[in-house]
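A.B. asks: fold the stuff below for me.
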Amino acid sequence: MSHIVVDENRCKACYLCVKECPKHLIKVSKDKVNKLGNSVVEFDDPNHECLGCAMCATRCPDLAISEVYRG
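C.D. replies: Numbering: from 1, shown residues only. The predicted model follows:
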């Protein structure tokens, strides 16, 4: 099972990772706001569909997606 970890304080809310995920597993949080006041992204994969492709991490200009676990 693969999954990612998002560093919320590095996220500047560009949402490029949301557009990049082929499985649409990254969503804009409705509840979480970081110290900059940005609505951060969150990983939502209840059915374990993540491919571990790391396209989201590669696309993130702020290196906010620092870990991709492949399983």
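A.B. asks: next, the buried residues of the lowest-mean-pLDDT helix or strand in the chain.
C.D. replies: Among the secondary structure pieces of the chain, namely its helices and strands, strand 65-69 has the lowest mean (mean pLDDT, DSSP states H and E), a mean of 79. Residues of strand 65-69 classed as buried under the neighbour-count rule (16 or more other C-beta atoms under 10 Å) are 65, 68. Using the backbone N, CA and C atoms, a C-beta is placed for each residue, glycine as well.
A.B. asks: quick one, strands of the protein?
C.D. replies: With DSSP state E as the definition, the chain shows strands at residue ranges 3-6, 26-33, 39-43, 65-69.
A.B. asks: correct me, but V28 touches L16?
C.D. replies: No. Applying C-beta atoms under 8 Å as the test, V28 and L16 come out as separate, 11.9 Å apart.
A.B. asks: run a quick neighbour tally on I4.
C.D. replies: I4 has 24 neighbours, counted by other C-beta atoms under 10 Å.
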